[in-house]
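> Model the structure of this input:
(one chain, ligands or ions: 2)
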Amino acid sequence: MRPFTYGSPSSIDQATSDFGQNSSFLAGGTTLVDLMKLDVMIPAQVVDINHLPMHGIKFTSDGLHIGALEKMSDVAEHPDVMTNYPVISQALLKSASAQIRNMASMGGNLLQRTRCGFFRDVSTPCNKRQPGTGCPAIDSWNRGFAILGTSSSCVATHPSDLAVALVALDASIRLQSGNNERFVKLDDFYLLPGDSPEKENQLRPGELITEIRVPLLPWARRSLYLKIRDRESYEFALSSVALALDADANTIRDARLAVGGVGTKPWNLPNVRPELIGKPLNQRTFEAAAKFATEGARPLRHNVFKVELVQRTLVRALMDLGGIA
Ligand SMILES: Cc1cc2nc3c(=O)[nH]c(=O)nc-3n(C[C@H](O)[C@H](O)[C@H](O)COP(=O)(O)OP(=O)(O)OC[C@H]3O[C@@H](n4cnc5c(N)ncnc54)[C@H](O)[C@@H]3O)c2cc1C
Ligand code: SF4
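Ligands and ions are numbered 1, 2, ... in the order given. I've put the predicted structure just below:
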């Protein structure tokens, strides 16, 4: 690891004004410190944000408010989250390991970097780490990579499970820098790689994620996160579905859904929802709707299987939540 200066400000104002040209904020450190050890991130200055007032989990008449410094484990086990948004709790509990969840923050989770092996290995080219050097993943053993939202510059999947649940629920994040604040929908926050995969989101230099807001959605009490992976614990998704369903025994009234493990960002499914709303609650409806989940997919040589896998993950999630055996 390279030498760096360290500061631990106690106000958001101070933290954002301390932030220099080559600085990184430090929350739980479970991504940042890893990448510093690998020389992937080489900040000259680390601004520890753990003393900032960015805590609290509140469920109010307009929804759920979560401070960005709340630990993943505390949010996952919070009674209001477990009751009103089980999809968030499950997405968190299926992420990483208990030890990491105890360290890692909600804001840091949303800003974790891709797990692409080339990105993490500085001896190889990678457009995301070093723009213009190329993307060796495209012609490699690319089984785990994305099929949706890819470009000729980058095909890395977005790694966060939490982000998939939050996109399905139409959540927003509060971004603050000094006295300036703005709210951005998480779905808009993440950018497609296009020609500049190094630019992953709309965060401006020195800006902090201070809060996550999830709108009130009473029927999200009936929601789940289904994650398919090579081993059942401590593994990133090959395919995942975040789903909330509003239905009676016969008909689907509404649904919210997004998929993970297959997109270069958490993948919202605007074209699947209309195929469910007002339709009979049965397997035929689910299978017909799931076909729309992979519209525009561009599989690589070794991940063609993900097209069918994500459709099947979606059907299984709908069957489980719909109470159909
Ligand atoms: C072995 C392993 C397995 C994992 N498995 C999964 C998994 O299955 N699913 C999953 O979703 N995740 C997984 N993760 C990722 C893990 O959840 C993240 O590392 C963690 O959530 C990051 O949070 P942190 O607080 O430690 O962030 P940090 O490492 O402190 O920060 C991460 C990045 O975000 C920036 N940052 C942090 N907080 C803020 C903020 N509030 N505002 C602005 N910038 C900020 C930092 O500057 C840094 O660039 C895994 C990680 C490891 C190491
Ligand atoms: S997929 Fe993206 S992150 Fe991986 S090597 Fe290619 S450019 Fe880099």
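
> ranges for the strands of this structure?
For the chain, the strands defined by DSSP state E cover 5-7, 23-26, 45-48, 57-60, 63-67, 172-177, 180-185, 208-215, 223-228, 239-247, 252-260, 267-268.

> Report how many residues lie close to residue 129.
For residue 129, the neighbour count with other CB atoms under 10 Å is 22. Every residue, glycine included, has its C-beta placed from N, CA and C.

> For ligand 2, see how far away it is.
According to CB to the nearest ligand atom, to the nearest Å, residue 129 stands 6 Å off from ligand 2.

> Nearest residue to that residue in space, please, no chain neighbours.
Nearest residue to residue 129, sequence neighbours excluded (CB to CB, 6 or more residues apart in numbering): residue 119, at 5.3 Å.

> For the one you found, grab phi and psi.
phi -60, psi -40 (degrees, to the nearest 10).

> contacting residues for the closest residue to residue 69 other than its chain neighbours?
Distances taken as CB to CB, 6+ apart place residue 54 nearest to residue 69, at 4.3 Å, with adjacent residues excluded. Contact analysis of residue 54 by CB atoms under 8 Å, 6 or more residues apart in numbering lists 12, 67-69, 107, 208, 210-211.

> Equivalent analysis for residue 145, please.
116, 137, 155-157, 300, 303.

> didn't the residue nearest to residue 129 look like it was pressed against residue 38?
No - judged on CB atoms under 8 Å, residue 119 makes no contact with residue 38 at a distance of 9.6 Å.

> more crowded one of these two?
Using other CB under 10 Å, the more surrounded residue of residue 119 and residue 38 is residue 119, with 23 against 14.

> what does this structure put close to ligand 1?
Residues of the chain lying near ligand 1 by CB under 6 Å from any ligand atom: 24-32, 34, 49, 68, 72, 95-96, 100, 103-105, 107-109, 111-112, 159-162, 208-209, 236.

> re the thing from before, make a markdown table out of the strands of the chain and add mean pLDDT, distance to ligand 2 and mean neighbour count.
Listed next are the strands of the chain as a markdown table, based on pLDDT from 0 to 100; distance: least, CB to the nearest ligand atom, whole Å; neighbours: other CB atoms under 10 Å:
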| stretch | mean pLDDT | distance to ligand 2 | mean neighbour count |
| --- | --- | --- | --- |
| strand 5-7 | 97 | 28 | 12 |
| strand 23-26 | 98 | 18 | 20 |
| strand 45-48 | 98 | 23 | 18 |
| strand 57-60 | 98 | 33 | 14 |
| strand 63-67 | 98 | 28 | 21 |
| strand 172-177 | 98 | 23 | 21 |
| strand 180-185 | 97 | 23 | 13 |
| strand 208-215 | 98 | 22 | 22 |
| strand 223-228 | 98 | 21 | 23 |
| strand 239-247 | 98 | 18 | 25 |
| strand 252-260 | 98 | 16 | 24 |
| strand 267-268 | 98 | 16 | 25 |
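
> Just tell me which of these ends up closest to residue 133.
Among the strands of the chain, strand 23-26 comes nearest to residue 133, with 21.6 Å by CB to CB.

> still on that earlier bit, could you single out the nearest of the contacts of residue 54 to residue 169?
Nearest to residue 169 among the contacts of residue 54 is residue 211, at 14.9 Å by CB to CB.

> In space, what's closest to that closest one - neighbours in sequence excluded?
Nearest non-adjacent residue to residue 211, counting by CB to CB, 6+ apart: residue 174, 4.1 Å away.

> who are the neighbours in contact with that neighbour?
Residue 174 sits next to 181-183, 209-213 when contact means CB under 8 Å, 6+ apart.
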